[in-house]
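Engineer: requesting a structural model of the entry that follows:
(one chain, ligands or ions: 1)
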Amino acid sequence: MEPTNLQILLAARPEGLPKASDFEVVHNPLPVPKVGEVLVENLYLSLDPAMRGWMTDRPSYIPPVGLGEVMRGLTVGTVLESNDPGFAAGDRVSGVLGWQRYATAAGSELHKVPAAVPPTLALGPLGMTGLTAYFGLLDVGEPMEGDTVLVSGAAGAVGSVVGQIAKLRGCRVVGSAGTDEKCRWLREELGFDEAFNYKTAGDLGKTIGETCPRGVNVYFDNVGGDMLDAALRNLARGARVVICGAISGYNATEPVPGPANYLALLVQRARMEGFIVFDYAARYAQALAELGKWVAEGKIRYREEIVEGLENAPAALPRLFTGDKRGKLIVKV
Ligand SMILES: NC(=O)c1ccc[n+]([C@@H]2O[C@H](COP(=O)([O-])OP(=O)(O)OC[C@H]3O[C@@H](n4cnc5c(N)ncnc54)[C@H](OP(=O)(O)O)[C@@H]3O)[C@@H](O)[C@H]2O)c1
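Structural biologist: Okay, the predicted model is just below:
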């Protein structure tokens with residue numbers, strides 16, 4: 001029997017948390033690669049908070065996914081057939097190939113994944129996740145030895161790498177996460193100096209003050225909302241606030257209020273700056289070489305949670321927002 005292409009389409013624009021009925025599972029014939037294209041069998045799909053934004057019809061750094069289109073997603077897979085001289089059958093590649101088992105793409109849209117790299121790592125610390133942590137912290141946050149670096153969403157895919165790179169740079173690192181188990185993992189296995197559970201901490205501003213007594217030199221923000229406001233209350237002179245994401249507001253159905261404490265930027269001569277990892281593409285190879293060395297030496301540790309079966313991706317996506325997962329959330333296609 002001919003294999004068919006299992007695809008998951010965006011069927012509706014979510015209201016609040018995405019649900020299964022926002023997606024449609026279909027089976028189509030395999031795509032045929034044109035000249036300059038390759039056919040890829042996807043092995044793993046990365047689930048990312050940004051997907052929630054891509055499902056909404058609103059101007060952003062990338063157009064939204066259209067209704068009836070294959071849901072956008074970063075994957076790692078194997079080349080089955082190549083009409084691009086730069087790729088051969090059997091090559092391992094990564095690219096934005098979507099929520100589908102098979103995809104065609106121009107070779108220029110794909111990155112080769114070295115055979116020695118386990119494929120799921122190419123979606124985690126040795127992929128977009130690690131690159132986001134690397135450039136966001138080092139280029140935007142500019143940590144200096146001895147700085148206090150506060151990271152929210154610290155037990156997540158990006159945050160856990162941020163904290164470990166900051167430790168490698170000689171910083172004092174404090175993280176926030178949503179369970180005591182995640183906080184223990186940060187302290188006991190990743191070497192964070194302090195970690196607190198933002199759900200049970202009570203007054204976040206006071207907790208940050210207690211865990212960062214010399215003030216926060218770099219705040220790497222993955223969550224926005226109350227955490228951002230509380231961090232602003234505790235900035236040190238000349239602090240850098242890195243806006244990586246604001247997951248606490250991604251499912252909001254009403255406009256999200258801005259940070260009340262923004263004037264701390266003035267008082268502390270601080271700056272707040274957002275970034276998009278794609279803008280650093282010219283430097284990915286150099287960053288991946290350094291991240292690869294740190295992972296091989298055990299200096300960057302990680303955990304991942306693998307969901308079996310592409311058809312289970314819609315049910316898994318909300319776990320990014322409930323926090324019901326440990327480390328990087330990945331779907332085995
Ligand atoms: N700027 C860029 O180029 C770029 C690139 C990639 C990712 N990002 C951003 O980076 C952030 C982290 O992404 P990731 O892939 O590493 O995801 P992740 O951290 O692995 O997963 C999301 C985590 O966010 C936490 N969370 C969910 N709702 C929350 C809330 N209301 N308040 C506080 N924490 C909440 C949950 O952990 P808890 O159990 O701790 O609540 C959850 O595990 C996201 O904001 C994402 O959009 C930005």
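
Engineer: so where's the stretch 151-300 of the chain uncertain?
Structural biologist: Within the stretch 151-300 of the chain, no stretch has pLDDT under 70.

Engineer: which parts of it sit against the ligand?
Structural biologist: Taking C-beta under 6 Å from any ligand atom, the part of the stretch 151-300 of the chain that reaches the ligand is made up of 153, 155-159, 177-179, 182, 222-223, 244-245, 247-248, 275-277. No exception for glycine: its C-beta is placed from N, CA and C like everyone else's.

Engineer: just those residues: which are in strands?
Structural biologist: Of those, the ones assigned to strands by DSSP state E are Ala177.

Engineer: select only the buried ones of the residues of the stretch 151-300 of the chain next to the ligand in PyMOL?
Structural biologist: Buried residues within those, by 16 or more other C-beta atoms under 10 Å, are selected in PyMOL with:
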select buried, resi 153+155+156+157+158+159+177+178+182+222+223+244+245+247+248+275+277
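
Engineer: cross the residues of the stretch 151-300 of the chain next to the ligand against helices and list the overlap.
Structural biologist: The helices, defined by DSSP state H, take in 157-159, 182 from those.

Engineer: including distance to Pro314, could those residues go into CSV?
Structural biologist: Formatted as CSV, these follow (distance: C-beta to C-beta, whole Å):
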residue, distance to Pro314
Ala157, 19
Val158, 23
Gly159, 25
Lys182, 25
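
Engineer: widest-spaced pair of these?
Structural biologist: Val158 and Lys182 (14.0 Å; C-beta to C-beta).

Engineer: find the nearest non-adjacent residue to whichever residue of the stretch 51-200 of the chain sits closest to the ligand, please.
Structural biologist: Relative to the ligand, the nearest point of the stretch 51-200 of the chain is Gly156 (1.7 Å; C-beta to the nearest ligand atom). Nearest residue to Gly156 in three dimensions, chain neighbours excluded: Asn222, at 6.4 Å (C-beta to C-beta, 6 or more residues apart in numbering).

Engineer: domain parsing for the protein?
Structural biologist: Here the domain parsing of the chain from automatic domain parsing is 5-123+303-332, 128-278.

Engineer: out of the ones you listed, deepest packed?
Structural biologist: domain 128-278 (a mean of 20; mean count of other C-beta atoms under 10 Å).

Engineer: how about Tyr44, secondary structure?
Structural biologist: Look at Tyr44: counting by DSSP: H, G, I helix; E, B strand; the rest coil, its state is strand.

Engineer: show me the strands in the stretch 51-200 of the chain, by range?
Structural biologist: Listed in chain order, the strands found in the stretch 51-200 of the chain under DSSP state E, counting those that start in this stretch are 75-82, 92-95, 102-106, 111-112, 148-151, 172-177, 194-197.

Engineer: what sits against Ala50?
Structural biologist: By C-beta atoms under 8 Å, 6 or more residues apart in numbering, the contact list for Ala50 reads Gly245.

Engineer: and it, how far from the ligand?
Structural biologist: Separation of Ala50 from the ligand (C-beta to the nearest ligand atom, to the nearest Å) stands at 5 Å.

Engineer: how far away is that residue from Trp99?
Structural biologist: From Ala50 across to Trp99, the span is 14 Å (C-beta to C-beta, to the nearest Å).

Engineer: could you do Val242 as well?
Structural biologist: 29 Å.

Engineer: cool, Leu67 as well?
Structural biologist: Leu67 is 14 Å from Trp99, where distance means C-beta to C-beta.

Engineer: ditto for Thr148
Structural biologist: According to C-beta to C-beta, Thr148 stands 40 Å off from Trp99.
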